[in-house]
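S.K.: Return a 3D structure for these sequence lines:
(chains A and B)
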Amino acid sequence: MALDDVCLTIERGQFVLFTGPSGAGKSSLLKAITFEILPDRGEIIVDTFHSSTVRRRQIPFLRRQLGIVFQDFKLLGDRSIFENVAFALRIVGVDDPRALKERTLRALHRVGLYHRRNARPHELSGGEQQRVGVARALVNDPVFLLADEPTGNLDPRAADEIFTLLGEINLGGTGIVVATHRPSRTDPRCDCLFHIEHGLVRELPAPGRRASRWARDHLHPLDSASGGERTPKAAP
Amino acid sequence: MTVRSFLYLAREGLRSATRHPTLALAAVMSIAASLLVLAITLLFTTNLERHATAIEGRRVIDVYIADGIKLGARAQLEHALNAIDGVARATYISKEEALAAYRRDAGRYDLIEALGYNPLPASYRLELAEHARSGAKMRAIAAAAERLEGADDVRYGGEWVERLDAALLTLRFVDLAAGVLVGLSVAFAVGSTIRLTMLARREMIDIMQAMGATDGYISAPFLVEGVAQSLLAAVAALGLLRLVIGALSSRIGGLEFLGGWQLVGFLAFAVVLGLAGAVWSLGAVLRRSA
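M.R.: The predicted structure is shown next:
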């Protein structure tokens, strides 16, 4: 789904939620933030990287500032949980065994899976696997953690746990950007809430922790005609 | 990239081959088949060239001199022959030496005995420098020698020399063409295998790209895999050929296996082809999936 007339700013440390039905353009927006897709018109600026001038070989360095969590976890089944998380460190050039071990275990500890470090992905529940995905995204201390439908493959309880975990991570200073068609029933801190439909983005009121409750009440099932909406910031 | 990182990536590459053994085996076998064709062509050419070189060593020009030539004139002729470009050495063969050689080679001399005198002329045998052994060059030297005073006749077997030259040229051309064709087919086989492997590991590549891996980092294990496959295939092809040559050498005399440098060159060629195939394939896949 193509996005049109989008203008928004995400500040460091914010918890931002993009909601909207499947195919609305949420994933496209996240892909645009990681420069996986580049806009035909306009510009995306992430830190010092500008989509209009960025070179292909610079994109990996942008992505190192963004931890990415996938809907389907994308864990490597042929290695342990520890190795899955350490893999993200190796990619960015960390090869000192002590640093690898220390940082990997710290990330696993943050998501509460230190004790499962030697297990293989298939030995974990869906919720646990997604926690590993979060640990892998976190291990490089990204500025933002981007999650595309992180609870899409989880039952409601596991989904709530993931949102709670993301909220905790956000409290630690890491910005969180989540795209979901199903807002959580719990109350993660949420600074900005955007609704995307047919490629158009509207900003909705999202006063901190009340945002997700608001989203649950008003957008689940999705109701784009609900009150309290604001028009998005002016398009470029 | 540090040595530790490189070793990790090399391990990843080899691990990939063991994770998809059927694919890896099929790749090694198809590359080995192509390389075997190249090795056979190389072996054939090497043996033929070896024999050709032996023949080339026998490329000489005989300059017959008139009977009764004065010593001074002969010395002048010898000097002039040695001065011709391409002549390495002019050796005088007296009438007596010519007769002795004739008797030795022909094994019969009753005809000459019957004549009652030695009809064979004295001559100079011109040994040629390496750059002057082509048919055209020999023709030029023979013409130059013929013009000299005291030279009666010049013989060098021009026709067979030029035929041999043409045959060797054709052979070298066939060799080159085989090398290019086999090179392309090996690069294609390696490239296709790497492409299949990349498709099998699509998810891993997606993860790596999402996490900020550079193209170089993503490529390294595949390059290792491509090189390892080509090297293994080259060793297999050479091993098989060695066995065949071992079995045939008792029946076909003078058949020799490739020399040390040729083997090293062959393996290096296989490595380069493996790398080329992998790079070609990786470039296409990575550009599509960035």
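S.K.: Tell me what A:R202 is bridged to.
M.R.: For A:R202, the beta-bridge partners are A:H195 (DSSP bridges).
S.K.: Could you report the neighbour count for it?
M.R.: Applying other C-beta atoms under 10 Å in any protein chain shown, we find 15 residues neighbouring A:R202. Any C-beta I mention is one placed from the backbone N, CA and C, and that applies to glycine too.
S.K.: what do you get for A:I44?
M.R.: Neighbours of A:I44 using other C-beta under 10 Å come to 18.
S.K.: which other helices and strands contact the lengthiest helix in chain A?
M.R.: In chain A, taking DSSP state H as the definition, the longest helix is helix A:156-171. Helix A:156-171 sits against strand A:15-19, helix A:126-138, strand A:144-148, strand A:175-180, with contacts defined as 3 or more C-beta pairs under 8 Å, 6 or more residues apart in numbering or on different chains; DSSP states H and E.
S.K.: Do you have the helices of chain B handy? List them.
M.R.: Under DSSP H, chain B gives helices at B:3-19, B:21-56, B:71-83, B:95-106, B:110-115, B:135-146, B:158-200, B:202-210, B:215-248, B:260-289.
S.K.: Tell me which of the helices and strands packed on helix A:156-171 lies nearest to chain B.
M.R.: Relative to chain B, the nearest member of the helices and strands packed on helix A:156-171 by C-beta to the nearest C-beta is helix A:126-138, separated by 7.7 Å.
S.K.: For the closest one, name the packing helices and strands.
M.R.: Using 3+ C-beta pairs under 8 Å, 6+ apart, helix A:126-138 is in contact with strand A:66-69, helix A:81-91, helix A:97-110, strand A:144-148, helix A:156-171.
S.K.: Format the helices and strands packed on helix A:156-171 as a markdown table; extra columns: mean neighbour count and mean pLDDT.
M.R.: Listed next are those as a markdown table, based on neighbours: other C-beta atoms under 10 Å in any protein chain shown; pLDDT from 0 to 100:
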| stretch | mean neighbour count | mean pLDDT |
| --- | --- | --- |
| strand A:15-19 | 25 | 91 |
| helix A:126-138 | 24 | 95 |
| strand A:144-148 | 23 | 95 |
| strand A:175-180 | 24 | 92 |
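S.K.: can you count the residues close to residue 7?
M.R.: All of this refers to chain A. Neighbour tally, A:C7, other C-beta under 10 Å: 12.
S.K.: try again with chain B
M.R.: Counted with other C-beta under 10 Å, B:L7 comes out at 11.
S.K.: Which pLDDT value does the model give it?
M.R.: Per-residue confidence for B:L7 comes out at a pLDDT of 81.
S.K.: quick one: contacts for it?
M.R.: By C-beta atoms under 8 Å, 6 or more residues apart in numbering or on different chains, B:L7 lies in contact with nothing.
S.K.: Kindly report the same for B:E127.
M.R.: B:V60, B:V87, B:A88, B:R89, B:A90, B:T91 are the contacts of B:E127 under C-beta under 8 Å, 6+ apart.
S.K.: Apart from its chain neighbours, what residue comes closest to the fifth one?
M.R.: Read it as B:A90. B:L81 (4.0 Å; C-beta to C-beta, 6 or more residues apart in numbering or on different chains).
S.K.: Repeat that for the first one.
M.R.: Here the nearest residue to B:V60 in space, its sequence neighbours aside, is B:R125; by C-beta to C-beta, 6+ apart that works out to 5.4 Å.
S.K.: Across the sheet, point out what pairs with the one you found.
M.R.: Beta-bridge partners, per DSSP bridges, of B:R125: B:D62, B:T91.
S.K.: just checking, it touches B:Y64?
M.R.: No: B:R125 lies out of contact with B:Y64 (C-beta atoms under 8 Å); the separation is 10.4 Å.
S.K.: The two - which one has more neighbours?
M.R.: The neighbour count for B:R125 versus B:Y64, taken as other C-beta under 10 Å, is higher for B:Y64 (17 against 14).
S.K.: was I right about that one contacting B:P121?
M.R.: Yes: if you go by C-beta under 8 Å, B:Y64 and B:P121 touch, sitting 4.5 Å apart.
S.K.: tell me the contacts of B:Q76?
M.R.: Per C-beta under 8 Å, 6+ apart, neighbours of B:Q76: B:E149, B:G150.
S.K.: Quick check: pLDDT value at it.
M.R.: 90.
S.K.: Return the distance of it relative to B:Y92.
M.R.: To B:Y92, B:Q76 is 13 Å away according to C-beta to C-beta, to the nearest Å.
S.K.: With A:D72 instead?
M.R.: Distance, A:D72 to B:Y92, by C-beta to C-beta: 92 Å.
S.K.: same thing with A:R103?
M.R.: According to C-beta to C-beta, A:R103 stands 88 Å off from B:Y92.
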